[in-house]
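Enquirer: A predicted structure for the sequence below; I have some questions about it.
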Amino acid sequence: MSSIAVGIIGCGNISSIYLQNCHQRFRGIHIAAVADIDVARAQARATEFGVAKGCSVDELLADPEIKINRCQTALLEIYHKVPKLRG
């Protein structure tokens, strides 16, 4: 069974719980990348959970391998900071 690549946007406090649950509960998916406006925070979270890529939101949205994106943060917060979300 091949797995679906998932990207997670938002690496704040709740993301650690979400990533832990993804690893423990969901089969058929793998977290391919985590992204945040603060790229260093995304990279730290990726390292913590063994995710291959910690990156900017723009990079995650441009990655053709990622089939599903899960936004963990208030969209309004990043809407004004990430041009790809506006159009």
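Expert: Yep, that arrived.
Enquirer: for V34, helix, strand, or coil?
Expert: Remark: V34 carries the secondary structure label strand [criterion: DSSP: H, G, I helix; E, B strand; the rest coil].
Enquirer: and stretch 27-37, what's its mean pLDDT?
Expert: When pLDDT is averaged along stretch 27-37, the result is 88.
Enquirer: in it, what counts as buried?
Expert: When burial is assessed from 16 or more other Cβ atoms under 10 Å, stretch 27-37 yields the following buried residues: I31, A32, A33, V34, A35, D36, I37. C-beta coordinates here come from the backbone N, C-alpha and C atoms, glycine included.
Enquirer: now what about that stretch, what contacts it?
Expert: Surrounding stretch 27-37, the residues in contact under the criterion Cβ atoms under 8 Å, 6 or more residues apart in numbering are 1, 3-12, 15, 19, 22-23, 42, 45-46, 49, 51-57, 59-61, 63, 65-66, 68, 73, 78, 81-82.
Enquirer: repeat the analysis, applying 7 Å as the threshold.
Expert: 1, 3-11, 19, 22, 42, 45-46, 51-57, 59-60, 63, 65-66, 78, 81 (Cβ atoms under 7 Å, 6 or more residues apart in numbering).
Enquirer: ok, stretch 39-53 next?
Expert: Counting by Cβ under 7 Å, 6+ apart, stretch 39-53 makes contact with 11, 15, 19, 23, 31-36, 54-56, all of which sit outside it.
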